[in-house]
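K.L.:
Any chance you can model this:
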Amino acid sequence: MSAIVLLSVLFALAYGQVASFCIPTEYTMYVDRRECAYCLTINTTICAGYCMTRDINGKLFLPKSVLSQDVCTYREFIYRTVEIPGCPHHVAPYFSYPVAISCKCGKCNTDYSDCIHEAVKTNYCTKPQTFYLGGF
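P.N.:
Here you go, the predicted model:
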């Protein structure tokens, strides 16, 4: 009987590591510049999903650097640049954004990721929309 329990626990631990569903996910973003006439709708991929984390019981006795938890973040990404239509000549009409190629569970790197828990702005357009159809 104890062998079955031990195998069940091992299977659950192995499944937990496999079930970290951190994958590139389709995402629609809206680029809305105050000076430009249109809002640009962009379909891209971001890293999203669940990462296994463990809460340490001895939090009070450990430094904060040890307590950070893993998040779903970029392993590989590329930047794409688009031109927002309807911008006046004195405004740079270009907008660059990351596209997730692959993802991993790891520490959040603030050099290229937004590591906050709640978004500050809502993702919508306030002007007529146009869709991004190509890149450069």
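K.L.:
Please report the distance of the residue nearest to Gly86 when sequence neighbours are not counted from Cys51.
P.N.:
Residue nearest to Gly86 in three dimensions, not counting chain neighbours: Ala37, with 2.9 Å by C-beta to C-beta, 6 or more residues apart in numbering. In this view, the C-beta of every residue, glycine as well, is placed from N, C-alpha and C. Counting by C-beta to C-beta, to the nearest Å, the separation of Ala37 from Cys51 is 41 Å.
K.L.:
Who has more neighbours out of those two?
P.N.:
Cys51 (16 against 13; other C-beta atoms under 10 Å).
K.L.:
is it fair to say that one lies in a helix?
P.N.:
No - secondary structure of Cys51 (DSSP: H, G, I helix; E, B strand; the rest coil): coil, not part of a helix.
K.L.:
Wait, it touches Cys108, no?
P.N.:
No - here Cys51 does not reach Cys108: they are 10.6 Å apart, not a contact under C-beta atoms under 8 Å.
K.L.:
list the residues that contact both of these two?
P.N.:
Common contacts of Cys51 and Cys108 (C-beta atoms under 8 Å, 6 or more residues apart in numbering): Val71.
K.L.:
That'll do, ta.
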